[in-house]
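Student: quick one: sequence plus predicted model below, questions after.
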Amino acid sequence: MPRFSIIKAFFKKEIAQTLRDKKMIAMIFFAPILQMTLFGFALTNEVKNISISCIYSPGDVLARTIEKRFLESGWFVPAESAERTDYSKILSKRKAEAVLVMPSQGLLKEIERGSSGIQLLIDAVNPQRAVQIENYVKNIMSQTVSQELKNTPAGLAPPVDLNVKILYNPSLESAFFMIPALFGFILCIFTVMLTGISLSKEKENGTFEKLISSPVTVWEILLGKTFTYSILGFIVAFSMVIGAYLLFGITVKGGILKLFLICSIFIVSSCSVAIFISTLAKTQQQAMMGSLIFLFPALLLSGLIFPVENIPVYARWIAYINPLYYLLEALRNIVLKGGDWIVLIQTAVPLALIGTALLIFGVKKFNSKL
Amino acid sequence: MTKILDIQNLTVKFGGFTAVDNITFSVEKGEIFGFLGANGAGKTTTIRALCGLVNISSGNMFIDGKDVSKNTKKLKPRIGYMSQKFTLYQDLTIKENMLFSGALYMMTEKEILKRMKELFEYVNFKESPDEIVKSMSGGSKQIISLAASILHNPEIVFLDEPTAGISPVSRKLFWNLISKLSSDGKTIFVTTHYMDEAEYCRRIALMQNGRIIALDSPQNLKTASNASNLEQAFINFLDKK
């Protein structure tokens, strides 16, 4: 049984060491906020399954063709059809993400007149999607129009101009999708890198010799280290939750408790990875490199930036053994959708299994001799 | 006198390299036992084996009659070990280092601070406990290092080149403390390159290439090799081999 007073001594020592290093403080408290701002504003995602509703007069052949092209493109699915008078209702009820309102006298006539009467309404709660949807709609419309008009007496195809209205999130903040995942990624970086580095630091500076010559157990050393950096990771991740609220107005719909639960399960995995890295690394530099070798693929195959569904099947299994993938799934579910328990369990169980396997492996490899 | 350390046919190999080659010796309770030899002779490895820090290849080691390999955990609190490398945290203060070192031995903060004060007073150590270790002189670091390894009042103290690279004044203070520990009944196992320090030892073992080539009191070693001083005695022993 690990003794509490030993863990406490480690905690005090690690905190004192961390806080004495000004570069470390900058890395811990400013880097995450900087990253959050960058990630939140700069990164976008590919978008699929957009539910769209097209409103047009029964005899409008061109409009019908355009609707067909939307559905054929693979990006769109048909939404509930609506009347010309109350189309905004299906947007507000989230039955459609986009509504394209064609002019009542027919699209062809409108285009000949200068096409200002075509209206596109987009639900922009998720801003990345909104921007993508707008682009998709514009592209498909102008392509279709130019193709169709070649065969008509009108001859030249004028550019299609849309009157776009962005609803619910007019400022188009791209943070909604990225930020919850970023909590997870920061937690991952902290626990893997800081724990790994601090374990290797003991070896590099020779202080590890002092530790193992005293009557502390391997578990106490490992717990003392991982506990401290997990706490730091939690503090930073949760200060990001506050930052996300202040900067982007994002609230945790599922509540902090669920967030804490899934993060706690996750850190078993990330700390185990750190322990494993420290068994291979003799210096802090090596530990840093080792962490990056883990973090990059873990990040790229986590769905943070590229959807896992887009990864070719033969490589997808890497994502399915990647603890970060489950964490990010769970975090988005908790922060954005309110954290449905079934989804939570679906992510927590694999995460717990991966964590246990990694922990057994890491601790077995960790040598308490020189 | 009772044997506190008993080493029988100890061999430690690292891959194909034999660091310690079948050595047998014992150390008596309360004595200052010196370990001399060139770098790489196997002194540090022997100490590390006794502290349970390296895996041994063959042989037996007993501390106070208990097999070290089987009772490592129970024996560790009775041992103090000062490595030849500086093994305290450079980025912590003296006090923080002491509190951490002591806590590893389940000492309370009060006990640690009291003991630290005693030890520092004894060697007339004047640095403030809130000083960061990094900025201190080599001699001060060694004093702190020794204090940290004997905080928990161990019966046996292993000192691996404790005075390497420190000033003669610091060395004198250092040996005052070692002598005091010995007179308190502690067993001191020390390696050194200084002949004047070797003279303080009750018995000396001379190591070469993993083997002990001579073991006796300083006086007997000098007599046996027909030398007027220890340095000459060792040269004579090494030549003979």
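Tutor: Received the coordinates, thanks.
Student: and stretch B:38-49, what's buried?
Tutor: Of all the residues in stretch B:38-49, those buried under the rule 16 or more other C-beta atoms under 10 Å in any protein chain shown are B:41-49. Bear in mind the C-beta positions are built from the backbone N, C-alpha and C, glycine included.
Student: so what touches that stretch?
Tutor: If you take C-beta atoms under 8 Å, 6 or more residues apart in numbering or on different chains as the criterion, stretch B:38-49 is touched by A:370, B:7, B:10, B:12, B:19-21, B:23, B:35-37, B:54, B:56, B:61, B:68, B:81, B:84, B:158, B:160, B:189, B:191, B:207-211.
Student: and that stretch, end to end?
Tutor: Its start and end residues considered, stretch B:38-49 measures 18 Å (C-alpha to C-alpha, to the nearest Å).
Student: so for the residue of chain B at minimum distance from chain A, what's the pLDDT?
Tutor: Per C-beta to the nearest C-beta, residue B:103 is where chain B lies closest to chain A, at 3.4 Å. Predicted confidence (pLDDT) for residue B:103: 94.
Student: helices and strands around the strand or helix carrying it, which ones?
Tutor: Secondary structure assignment for residue B:103, by DSSP states H and E: helix B:94-104. Applying 3 or more C-beta pairs under 8 Å, 6 or more residues apart in numbering or on different chains; DSSP states H and E, we find helix B:94-104 packed against helix A:4-20, helix B:109-122, helix B:138-150.
Student: buried deepest among the ones you listed, which one?
Tutor: helix B:138-150 (a mean of 22; mean count of other C-beta atoms under 10 Å in any protein chain shown).
Student: residue B:153 contacts residue B:112, doesn't it?
Tutor: No - using C-beta atoms under 8 Å, residue B:153 is not in contact with residue B:112, being 11.3 Å away.
Student: quick one: name the residues of chain A near chain B.
Tutor: Contact residues (C-beta under 8 Å from any C-beta of the partner chain) of chain A with chain B: A:3, A:5-6, A:8-10, A:12-13, A:16-17, A:20-21, A:205-207, A:209-217, A:369-370.
Student: output the helix holding residue B:103 in PDB with nothing but the alpha carbons.
Tutor: The C-alpha trace of helix B:94-104 is given here as PDB (Å, rounded to 0.1, in the frame of the first residue of the first chain):
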ATOM      1  CA  ILE B  94      18.600  23.100   1.700                       C
ATOM      2  CA  LYS B  95      15.500  22.800   3.900                       C
ATOM      3  CA  GLU B  96      13.300  21.500   1.100                       C
ATOM      4  CA  ASN B  97      15.900  18.900   0.300                       C
ATOM      5  CA  MET B  98      16.100  17.800   3.900                       C
ATOM      6  CA  LEU B  99      12.300  17.700   4.300                       C
ATOM      7  CA  PHE B 100      12.000  15.500   1.200                       C
ATOM      8  CA  SER B 101      14.900  13.200   2.200                       C
ATOM      9  CA  GLY B 102      13.600  12.800   5.700                       C
ATOM     10  CA  ALA B 103      10.000  12.200   4.500                       C
ATOM     11  CA  LEU B 104      11.200   9.200   2.400                       C
END
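Student: give me the contacts around it.
Tutor: A:5-6, A:8-10, A:12-13, A:16, A:210-211, A:214-216, B:88-89, B:92, B:109, B:111-113, B:115-116, B:127-131, B:133, B:144, B:147-149, B:151-152.
Student: same question for stretch B:115-123.
Tutor: Under C-beta under 8 Å, 6+ apart, the answer for stretch B:115-123 is B:94-95, B:98, B:102, B:107, B:125, B:129, B:143, B:147, B:150-151, B:153, B:173-174, B:176-177, B:180.
Student: one more time with 7 Å
Tutor: With C-beta atoms under 7 Å, 6 or more residues apart in numbering or on different chains as the test, stretch B:115-123 has contacts from B:98, B:143, B:147, B:151, B:173, B:176-177, B:180.
Student: so where's the stretch 101-250 of chain A uncertain?
Tutor: For the stretch 101-250 of chain A, the stretches with pLDDT under 70 are A:114-116, A:125-128, A:150-177.
Student: now the strands: where do they sit in it?
Tutor: A:119-123, A:163-167 (DSSP state E, counting those that start in this stretch).
Student: paired strands for the first one, with orientation please.
Tutor: Strand pairing for strand A:119-123, using DSSP bridges, gives strand A:98-101 (antiparallel), strand A:163-167 (parallel).
Student: can I get it in PDB, CA atoms only?
Tutor: Output in PDB follows, covering the C-alpha atoms of strand A:119-123 (Å, rounded to 0.1, in the frame of the first residue of the first chain):
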ATOM      1  CA  GLN A 119     -31.600  33.100 -50.200                       C
ATOM      2  CA  LEU A 120     -29.500  30.600 -48.200                       C
ATOM      3  CA  LEU A 121     -30.100  30.200 -44.500                       C
ATOM      4  CA  ILE A 122     -27.500  28.400 -42.400                       C
ATOM      5  CA  ASP A 123     -27.600  27.100 -38.800                       C
END
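Student: what distance separates that strand from the middle of the whole chain?
Tutor: Offset of strand A:119-123 from its chain centre (C-alpha atoms, centre = their mean, to the nearest Å): 25 Å.
Student: stretch B:158-172 now?
Tutor: 11 Å.
Student: so what touches that stretch?
Tutor: B:44, B:47, B:50-51, B:79-84, B:138-139, B:142-143, B:146, B:174, B:188-194, B:197.
Student: got the buried residues for that stretch?
Tutor: Neighbour counts over stretch B:158-172 (16+ other C-beta under 10 Å) mark B:158-163, B:166, B:170-171 as buried.
Student: Serialize the residues you listed to JSON lines and add fields for secondary structure.
Tutor: Shown next, in JSON lines, are the buried residues of stretch B:158-172 (DSSP: H, G, I helix; E, B strand; the rest coil):
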{"residue": "B:158", "secondary structure": "strand"}
{"residue": "B:159", "secondary structure": "strand"}
{"residue": "B:160", "secondary structure": "strand"}
{"residue": "B:161", "secondary structure": "coil"}
{"residue": "B:162", "secondary structure": "coil"}
{"residue": "B:163", "secondary structure": "coil"}
{"residue": "B:166", "secondary structure": "coil"}
{"residue": "B:170", "secondary structure": "helix"}
{"residue": "B:171", "secondary structure": "helix"}
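Student: most widely separated two among those?
Tutor: For these, with distances taken as C-beta to C-beta, the pair at the greatest spread is B:158 and B:170 (19.7 Å).
Student: quick check, central residue of chain B?
Tutor: Centroid-nearest residue in chain B, with C-alpha atoms, centre = their mean: residue B:159, separated by 1.8 Å.
Student: near chain A, which residues of chain B are found?
Tutor: Contact residues, chain B versus chain A (C-beta under 7 Å from any C-beta of the partner chain): B:48, B:51, B:53-55, B:73, B:76-77, B:81, B:83, B:85-89, B:91-92, B:96, B:100, B:103-106.
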